[in-house]
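Novice: Structure, please.
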Amino acid sequence: MVVKIGTNIQVLKPDNRWFSAPVETDLDFLPAFSAISKAVQIALRKGLPLAYFDSLDEFQDRERANAVLLFQATPPFHAKIRTDLTYDVLNPKMLARLARKSRRGLTRLLAPVEAKLRVADLVELAVQYSPRQAGVIVASVQRLARSRRYLLGLLRGEGVLVDALVQLGGAADLSPRRKRARVASFRKKWNFQLRRMCNRRDFSFLGTSILEAATQALASFQQLSSVGPDRLNCPEPDPGRPQTSNANVL
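Specialist: Next comes the predicted model:
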């Protein structure tokens with residue numbers, strides 16, 4: 001939900017469904033916040049690169065642009081344990097695995113980028129963003145500290161956004177004053193992060209659409225939970241046992 005103040009200012013205000021969201025000790029926590037995290041990640045990958053590249057001049061700084069494009073191409077993290085809802089940026093192996101998984105998506109993303117730059121008569125620059133350059137871009141982000149820093153900042157930022165949503169859960173029985181305090185804390189974290197997660201540019205205006213996507217994921221979970229809660233109470237995998245699934249885990 002967004003509350004409008006005057007004509008231009010909007011204040012994020014999560015609706016009451018968030019106060020009934022599962023807490024980390026609930027069996028429903030993982031399936032609920034796995035879906036919520038995925039919704040946040042998808043909304044970020046849709047909105048932030050589009051806003052970042054509102055000017056073609058941004059493609060001139062290839063180290064930054066490559067990081068944003070690779071972020072856009074990364075598949076959303078699929079949570080399998082409750083302590084890891086988004087990519088672990090402290091895992092030294094994460095970036096290499098993520099780069100491998102993102103190359104195909106990046107190749108698809110580059111085709112319209114190249115076309116847009118050619119239409120703008122930026123032919124030399126367009127060559128640097130052709131689909132054939134996908135491997136070069138991935139390697140560049142991995143190799144150059146500045147590009148890595150931007151990419152990891154984006155991945156770290158989405159983790160902060162999801163964690164702020166987690167902190168809203170379990171507040172249904174709190175006093176109105178304590179509920180307001182939780183909402184204020186949530187709003188502060190989201191606005192701070194969206195204003196600084198990408199080259200200190202202010203993307204707080206994306207908070208509305210991201211929160212709406214997350215709320216829709218929560219509402220869908222709550223609806224399914226009320227119909228068939230047994231379907232949602234699946235045990236978490238034992239980290240000490242080998243997984244039978246052949247799915248790749250980042």
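
Novice: Can you name the residues that contact the residue sitting furthest away from the middle of the chain?
Specialist: Farthest-out residue of the chain from its mean C-alpha position, per CA atoms, centre = their mean: residue 121, at 32.9 Å. For residue 121, the contact set (CB atoms under 8 Å, 6 or more residues apart in numbering) is empty. (Glycine included, C-beta is placed from N, CA and C.)

Novice: Assumed it was part of a helix.
Specialist: No: Residue 121: not assigned to a helix; according to DSSP: H, G, I helix; E, B strand; the rest coil it is coil.

Novice: confidence score at the residue nearest in space to the middle of the chain?
Specialist: By CA atoms, centre = their mean, the mean C-alpha position of the chain lies nearest to residue 41, the distance being 2.7 Å. Residue 41 is assigned a pLDDT of 97 by the prediction.

Novice: quick one: it and residue 221, what's the gap?
Specialist: 16 Å (CB to CB, to the nearest Å).

Novice: same deal with residue 127?
Specialist: 46 Å.

Novice: higher neighbour count, these two?
Specialist: Comparing residue 127 with residue 221 by other CB atoms under 10 Å, the one with more neighbours is residue 221, at 21 against 13.

Novice: Spell out the secondary structure type for the more buried one.
Specialist: helix.

Novice: residues in contact with it?
Specialist: Residues 28, 31, 32, 35, 36, 232 are the ones in contact with residue 221 under the rule CB under 8 Å, 6+ apart.

Novice: any idea how far residue 212 is from the second one?
Specialist: Residue 31 sits 20 Å away from residue 212, taking CB to CB as the criterion.

Novice: So these two - more neighbours on which side?
Specialist: Legend: neighbour count by other CB under 10 Å for residue 31 and residue 212, higher for residue 31 (19 against 14).

Novice: and the more buried one, what element?
Specialist: helix 29-52 (DSSP states H and E).

Novice: which is the next helix or strand following that helix?
Specialist: Beyond helix 29-52 toward the C-terminal end (DSSP H and E), the next one is helix 62-73.

Novice: In that next one, which residues are buried?
Specialist: Buried residues in helix 62-73, counted by 16 or more other CB atoms under 10 Å: 62, 64, 65, 66, 67, 68, 69, 70, 71, 72, 73.

Novice: from what I can see the third one touches residue 57, true?
Specialist: No: Residue 65 is beyond contact range of residue 57, at 10.0 Å (criterion: CB atoms under 8 Å).

Novice: Show me what the host helix or strand of residue 159 packs onto, helices and strands only.
Specialist: Element membership for residue 159 (DSSP H and E) is helix 145-166. When contacts are defined as 3 or more CB pairs under 8 Å, 6 or more residues apart in numbering; DSSP states H and E, helix 145-166 packs onto helix 29-52, helix 62-73, helix 94-119, helix 134-143, helix 176-196.

Novice: Just checking the distance from that helix to the centre of its chain.
Specialist: In terms of CA atoms, centre = their mean, to the nearest Å, the centre of helix 145-166 is found 8 Å from the chain centre.

Novice: what does stretch 101-121 give?
Specialist: The answer for stretch 101-121 is 21 Å, by CA atoms, centre = their mean.

Novice: That one: which residues count as buried?
Specialist: By neighbour count on 16+ other CB under 10 Å, the buried set for stretch 101-121 is 102, 105, 106, 107, 109, 110, 113, 114, 117.

Novice: and if you look at stretch 141-157?
Specialist: 141, 147, 148, 150, 151, 152, 153, 154, 155, 156, 157.

Novice: ok, those residues vs residue 169, which is closest?
Specialist: Nearest to residue 169 out of the buried residues of stretch 141-157 is residue 157 (CB to CB; 20.5 Å).
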